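Participant: any chance you could fold what I've pasted below:
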Amino acid sequence: MQTKYRRTRALLGAAVAAGLATPADAAPRSDHALRTSSYVGGSYVDYAEAVAVDAAGNLYVTGYTGSEDFPTSDGAAQTEFTGGDETVPYDAFVTKVDPKGSEVVYSTYIGGDAIDMALDITVDATGAAYVIGKTSSSDFPTTPGALDNRARSADNVFLTKIAPDGRSFAYSAILGPGEGTGVDVDDEGRAYVTGTTRGSSYPATAGALQPQPSGNGDSFVSEVTAAGDGFVYSTFLGGTEVERSGDVGIDPTGAAVVSGVTSSEDFPATPGAFQQSPGDDSPAVMDAYVTKLAPGGETAVYSTYLGGDDFEWQVGVDADASGNAFVAGGTSSSDFPTTRGAFQTEKKSRRRGEDAFVVKLDPSGDVRYSTLLGGSAADGATSVAVADRGTVYVAGSTRSNDFPTTPGALKRKSGDNTDAFLTRVARSGRSIVYSTTYGGWSQYELGLDVAVAAGRIGLAGPTYGEELPLAGKPFQPEYAGNADAYVASFSPTPARGTNLVRAGFDDPRLRLGLGDTVQWHFKSNARRSVEDASGLGLFDSRRRGREYHYAFSFFAAGRFVAVDSATKDRQRIPVRTRALSTPEGIRLAWATERREGYVFDVQAKPPGASSFETVHEGTPATDAMYEPATDGRYVFRARIRSAEGRAASGWSPPVAVEV
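Facilitator: Alright, predicted model coming up:
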């Protein structure tokens, strides 16, 4: 089974010694905030392989599940589990979550009578999701007119396009024998896919770069029509030994950039490529490769090895709007090629351990930077995503307690097992802008995919335990058992950290703005809560674990109290309103969302007044325009309270505006 689980097996060995979270004595401000985080799954094994983010900020997570009680939505395209008996228990799944992380837009199975696994996902401008993977089901659901090149005695590549509402498959196709590992889509709805196949049965088109297979297992690259009924082009890619595909990205010209690993000494590298031969001399050892196909798939713009004297594995790729390609993976090589001045030029893992790597290639294939990323134990990247203006995020997994993180990170050290990580690399490759680990302390999480859009960074993978860092209002706050998927999102906006690991709050001066995030870090089996002194509950950890992390974005203005139930310490947290002077008046905001059962009060102090006057009382609205009667200094404050009871927050710190 060639999945990311198998490719990250090196990270799942013996546990390393756990370290305590670094005290945040000054409540360091993080460059990024964890906005949403939730479990996804039922009572059996649920495994997330990939994540996507659409233009509205919705999250899409996909993978495979053996749970007959996996949470599907009413009216979804497939609500019944069909994964067969206990020896072949898996269906693919896709779950779409709203930007707040609190509501499931849709959740569906995809599968037939045997094993079905989704391995990658992307989404187009309409919100339609494209899912690729592999199936061994004889009755995998295809749609009329779609490609159906099913091989009866082998696994097959499936490509399924799901309607934006999740109630139907726009098309569902079988491309041919093999497994599909990567998918991207262009503005016209054409899907570009890559995967691995054996033999000559996978369809190739006339005039393609490599119309015939070359070895024991080749990669393939195909461009599929918008209707899913044919190939624009389809080509093999490989040498006389074995290739394993990784991912695919599309540049603005329609060129496909694909990644993977190869053990072939004659992999089709192009003349003048960065590395024209493998970094080792054994066909048992694999190097990474990166190939850029010209539009139409007939020629390669460039094709290069990336590797040193040992294994490279699990290589992800993405392309930016300028045609640069970004590649991330894992390496055991002591001489992996890095560039001068890069963030990390030497491998830090001990003996034959792994480090992650990140490489940027320009549109012609020249390497602009190449850096390692890791600590003293096993680390590996699995995915890379490029945001606007070349901002690069890398996801992977780490067992290193000294994995490079940045001040104010959600979590600075890994736990007893393996953590996911999320790292933003500077455009020069010489430093990291933000880096955090993500996970519980007595369990493991893998970071298998990252996606960026609409100011959100999505992260997904599997989790094994009850200590997942939650955030916002999770649509599934409880661990369902065996193994669950998780889906989380970060935003490139600041968060403040407060540390309970050493018994008590470290910064009683903590100040927040409306919508800002605070990250709690604590230790012991005690529950932690955030509430107003009057009893208005905002957050309750519920969970009990040796070490725990939670991020909460304050949705309303007011004065709140964080209560540590282990020490009874209290920390007052003022959250300010927002006020902005505009030509039309003063725009006020006192909440980021409505909350059922609660209302808001807003007061103003006009110029020259000695006290506040109420301008909104018991309103469910979250913002409004205020028309000033005269020029001068206006001061505003707000609070949240129960619509039917006495529970109310304290008034927020006042905010002043000059008009």
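Participant: strands of the stretch 201-350 of the chain, start to end?
Facilitator: Assigned by DSSP state E, counting those that start in this stretch, the strands in the stretch 201-350 of the chain fall at 218-224, 231-237, 243-250, 256-262, 287-293, 300-306, 312-319, 325-331.
Participant: by mean pLDDT, which helix or strand of this structure comes out lowest?
Facilitator: Here the helix or strand of the chain ranked lowest by mean pLDDT, DSSP states H and E is helix 4-7, holding a mean of 36.
Participant: run the chain-centre distance for the helix or strand following that helix.
Facilitator: Scanning forward in sequence from helix 4-7 by DSSP states H and E, the next helix or strand is strand 29-30. A distance of 20 Å separates the centroid of the chain from that of strand 29-30, by CA atoms, centre = their mean, to the nearest Å.
Participant: the helix or strand following strand 29-30: how far from the chain's middle?
Facilitator: As assigned by DSSP H and E, the chain's next helix or strand after strand 29-30 is strand 33-40. Strand 33-40 sits 10 Å away from the centroid of its parent chain (CA atoms, centre = their mean).
Participant: for stretch 643-654, same thing?
Facilitator: From the chain centre to the centre of stretch 643-654 is a distance of 36 Å (CA atoms, centre = their mean).
Participant: what's around the closest residue to T135 other than its chain neighbours, how many residues?
Facilitator: Among residues not flanking T135 along the chain, D116 sits closest, at 4.6 Å (CB to CB, 6 or more residues apart in numbering). Every C-beta, even on glycine, is put in place using the N, C-alpha and C of the backbone. The number of residues packed around D116, counting by other CB atoms under 10 Å, is 30.
Participant: how about G176?
Facilitator: G176 is flanked by 25 other residues according to other CB under 10 Å.
Participant: now the one 10 residues further on
Facilitator: One way to gauge burial is a neighbour count; for D186, by other CB under 10 Å, it gives 15.
Participant: also the one 10 residues further on?
Facilitator: Counted by other CB under 10 Å, the residues lying close to T196 total 25.
Participant: also R198?
Facilitator: Residues lying near R198 (other CB under 10 Å) number 16.
Participant: dump the residue contacts of it.
Facilitator: If you count contacts by CB atoms under 8 Å, 6 or more residues apart in numbering, R198 has them with A154, P177, G178, P213, N216, G217, D218.
Participant: now E243
Facilitator: The contact partners of E243, by CB under 8 Å, 6+ apart, come to 196, 215, 217-219, 237, 260-264, 267, 289.
Participant: check G41 too.
Facilitator: Contacts for G41 (CB under 8 Å, 6+ apart) come out as T65, S67, F70, P71, Q476, A480, A483, D484, A485.
Participant: now the strands: where do they sit in the stretch 51-200 of the chain?
Facilitator: Taking DSSP E, counting those that start in this stretch as the criterion, the stretch 51-200 of the chain contains strands spanning 59-65, 91-97, 104-110, 116-123, 129-135, 156-162, 169-177, 179-185, 191-197.
Participant: turn those into JSON lines, including mean pLDDT.
Facilitator: Below are the strands of the stretch 51-200 of the chain laid out as JSON lines (pLDDT from 0 to 100):
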{"stretch": "strand 59-65", "mean pLDDT": "98"}
{"stretch": "strand 91-97", "mean pLDDT": "98"}
{"stretch": "strand 104-110", "mean pLDDT": "98"}
{"stretch": "strand 116-123", "mean pLDDT": "98"}
{"stretch": "strand 129-135", "mean pLDDT": "98"}
{"stretch": "strand 156-162", "mean pLDDT": "98"}
{"stretch": "strand 169-177", "mean pLDDT": "98"}
{"stretch": "strand 179-185", "mean pLDDT": "98"}
{"stretch": "strand 191-197", "mean pLDDT": "98"}
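Participant: looking at those strands, which is closest to P144?
Facilitator: Minimum separation from P144 across those (CB to CB) falls at strand 169-177, 9.0 Å.
Participant: using PDB, list the CA coordinates for that closest one.
Facilitator: Listed next in PDB are the C-alpha coordinates belonging to strand 169-177 (Å, rounded to 0.1, in the frame of the first residue of the first chain):
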ATOM      1  CA  PHE A 169     -20.500  13.700  -8.400                       C
ATOM      2  CA  ALA A 170     -20.100  16.100 -11.400                       C
ATOM      3  CA  TYR A 171     -18.100  13.200 -12.900                       C
ATOM      4  CA  SER A 172     -16.300  10.200 -11.500                       C
ATOM      5  CA  ALA A 173     -13.700   8.400 -13.700                       C
ATOM      6  CA  ILE A 174     -11.300   5.500 -13.700                       C
ATOM      7  CA  LEU A 175      -8.200   6.700 -15.500                       C
ATOM      8  CA  GLY A 176      -6.300   3.300 -15.600                       C
ATOM      9  CA  PRO A 177      -4.400   0.900 -13.500                       C
END
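Participant: okay, the angle between it and strand 191-197?
Facilitator: With axes from the mean of the first three to the mean of the last three CA atoms, to 10 degrees applied, the angle from strand 169-177 to strand 191-197 works out at 30 degrees.
Participant: quick one: contacts of strand 169-177?
Facilitator: With CB under 8 Å, 6+ apart as the criterion, strand 169-177 contacts 77, 110, 128, 135, 140-143, 145-151, 154-163, 193, 197-199, 201-203, 220, 222, 224, 227-229.
Participant: list only buried entries from those residues.
Facilitator: When the contacts of strand 169-177 are checked for burial by 16 or more other CB atoms under 10 Å, the buried set is 77, 110, 128, 135, 140-143, 146-148, 150-151, 154-163, 193, 197-198, 202-203, 220, 222, 224, 228.
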